[in-house]
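J.: have a look at this prediction, sequence included:
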Amino acid sequence: MSQINLSISQLHNAYSSGELSPATLISHLTEQAKQQEAVWLHVLSAQELAPYLKALESKSLKTHPLYGVPFAIKDNIDLAGIPTTAACPEFTYTPKSSAFVVEQLIAAGAIPIGKTNLDQFATGLVGTRSPFGETPNAFNPDYISGGSSSGSAVATASGIVSFALGTDTAGSGRVPACFNNLVGVKPSKGLLSNSGMVPACKSIDCMSIFALNAIDANKVLQVAAKYDPNDCYSRKNPPANQQPVLVNSAFSFAVPLPEQLKFFGDEGYKSEFAKAVNELQKMGGVKKELDFSPLFEAATLLYEGPWVSERYLATQDLMENNPQALLDVTRTIISGGIKPLAIDCFSALYKLQAFKQQADLLVEQADFVVTPTAGRHFTRDEIRENPIELNSQLGYYTNFMNLLDYAAVAVPTSFTAESMPFGITLFSFAMKDQKLLSYADKIMQHNALPLGATKHPFISTELDTSKNTGFIDIAVCGAHLSGMPLNSQLIERNAQLITKTRSAKSYKMFAVEGNIERPALFKTQRDANDFELEVWRMPTQHFASFVQGISDPLGIGQVTLADKSLVTGFIAQSHAQSGKDISEYGSWRKYIATK
């Protein structure tokens, strides 16, 4: 079987071309999953998979956005007929129906591969607190995978699934994403139903999504984000959070004051965060250093306040009748939940409300807020020596998020000198998920990192050329640029960003009106300018369909780059010069930013 990038667009291209069938792929992936130690707790058998594959016969790629897409489910989320353990054998039960979100995904054509390992009862950010074994990091097994959604993250990064469901109460959907080079979506509270999920802290739990890129994460989110009247915390997804967001070429982002940044002795992570901030500024971002005190003070309430009582409530039967069923570290943490009184709860709620009011004033000052996703990446040996304190350090940038009702997206940005992943988290107010994912996509395109752990045979940054006649490089200067409205037309055709450059100083640019305003680039001998360009490499098999979508007065021709080389790109017919001359801006992005 040839190499496949399991991002949804490439997988669907393989299906539509006839190169691959869902049944063939799923069969192979389940065999691969069985080889992953301490990642999977239950891999579906051929008999268990048969109904899902059979159901695809009445579905199609055109009508079902997740057609044939393999996914994993953290084992505190129900899949009908498959045991749910929450990583505690004595707790095991077999649900008759699937979790509400799982039902939405299957209805859209997704295929569940199995249930994944986790920190027991979703209590931990390390990925080592499971009686079924410590989930190894996808890049280096000496390092922690991150938890509690450890198995879901590693299954995605290692190329067994296109996406996976996790949960996130205190960072469990973000920390594993950072440590395994993934996008991790911690959606707005209530946006994804928690029906059919074993709770950790029911009032602030979120189901989360791991994906190889931001486009896939958003596609899964929009399918799953349906209102569930049977979940008392469910919230409706507003229309503004369902539509594509045009990200600005100039934007603002907030970071903590320098003295508030903590890396717990990890100079590598400190350096990578500085690089990430610098790259955001190169992209047009304006940095604001703000006092994060109310956020960090709110974070202390999660484990030092009464919310740990919710963890006790979720496991009360075991804690009171069979406490030995829990791991020592899990039992130690949860046992503290019996101590807080009702007055402690109300006192903490009053404090939280005050922190929320102060924090909102901070968040509203920028398009989004940025922190490291984690301050340090620990080894498994380090965690064994000091499990509770180091786990607490992992939550420094994550614990406040659900308490303060913010949406967050963890996005990979670089690799350390040890070739281990690093990433940042973007966050903002609830129901800004789509906006955050749009910026996450822009960041990923800017950094052009490989997807997941590229060493796995089913993840590759190289496109499969077995049925291609080659590639063609295309220069774009307007709505097809990274983060712009038509960029998805390139992504959907498996195009990859090759370089960011400028044209030769021999052009003028005019704005052409239409459904989407577009730039017309003209070569001239006088009063010439150079303009921002991106060069994308597209498989030739998709070039014809791309060209067919180009409308008058634009067309395809040759564009001269700054280094005098020629590349295929957009040109325009002469009557486009009747539009507005915008040459002075030197960039379509800068022109759009003025509107």
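T.: Now that the structure is in, tell me what you want to look at. Keep in mind that what you see is a predicted model, and the values were worked out from it rather than measured.

J.: now do the residue nearest the centre of the chain against residue 173, distance only.
T.: Residue closest to the mean C-alpha point of the chain, counted by C-alpha atoms, centre = their mean, is residue 183 at 2.5 Å. Residue 183 sits 10 Å away from residue 173, going by C-beta to C-beta, to the nearest Å. (C-beta placed from N, C-alpha, C; glycine too.)

J.: repeat for residue 43
T.: 22 Å.

J.: who has more neighbours, these two?
T.: residue 173 (34 against 22; other C-beta atoms under 10 Å).

J.: isn't that one up against residue 205?
T.: No - under the criterion of C-beta atoms under 8 Å, residue 173 is not in contact with residue 205, lying 10.5 Å apart.

J.: which element is residue 255 on?
T.: For residue 255, the element it lies in under DSSP states H and E is strand 251-256.

J.: just checking, what packs against that strand?
T.: Helices and strands touching strand 251-256, as assessed by 3 or more C-beta pairs under 8 Å, 6 or more residues apart in numbering; DSSP states H and E, comprise strand 285-290, strand 368-372.

J.: who are the packing partners of the helix or strand bottoming out on mean pLDDT in the chain?
T.: When each helix and strand of the chain is scored by mean pLDDT, DSSP states H and E, helix 543-548 comes last, with a mean of 79. Judged by 3+ C-beta pairs under 8 Å, 6+ apart, helix 543-548 is in contact with strand 471-476.

J.: with just CA atoms, put the strand it packs on into CSV.
T.: Output in CSV follows, covering the C-alpha atoms of strand 471-476 (Å, rounded to 0.1, in the frame of the first residue of the first chain):
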residue,chain,number,x,y,z
PHE,A,471,3.6,18.8,-10.1
ILE,A,472,3.1,22.4,-11.2
ASP,A,473,4.1,25.5,-9.2
ILE,A,474,1.6,28.2,-9.1
ALA,A,475,2.2,31.8,-7.9
VAL,A,476,-0.8,33.5,-6.2
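
J.: in the following helix or strand past it, what's buried?
T.: Moving toward the C-terminus from strand 471-476, the next helix or strand (DSSP H and E) is helix 488-491. Across helix 488-491, burial judged by 16 or more other C-beta atoms under 10 Å covers 489-491.

J.: state the mean pLDDT of helix 488-491.
T.: Averaged over helix 488-491, pLDDT sits at 84.

J.: what's in contact with the least confident helix or strand of the chain?
T.: For helix 543-548, the surrounding residues in contact (C-beta atoms under 8 Å, 6 or more residues apart in numbering) are 472, 474, 489-490, 493, 538, 556.

J.: and that helix, which residues are buried?
T.: 543, 546.

J.: also stretch 69-84?
T.: For stretch 69-84, burial by neighbour count (16+ other C-beta under 10 Å) applies to 69-80, 82-84.

J.: so which of those sit within strands?
T.: If you go by DSSP state E, the buried residues of stretch 69-84 have 70-74 in strands.

J.: just put the residues you listed in a markdown table and tack on distance to residue 318 and pLDDT.
T.: As requested, those are exported to a markdown table (distance: C-beta to C-beta, whole Å; pLDDT from 0 to 100):
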| residue | distance to residue 318 | pLDDT |
| --- | --- | --- |
| 70 | 33 | 98 |
| 71 | 29 | 98 |
| 72 | 25 | 98 |
| 73 | 22 | 98 |
| 74 | 19 | 98 |
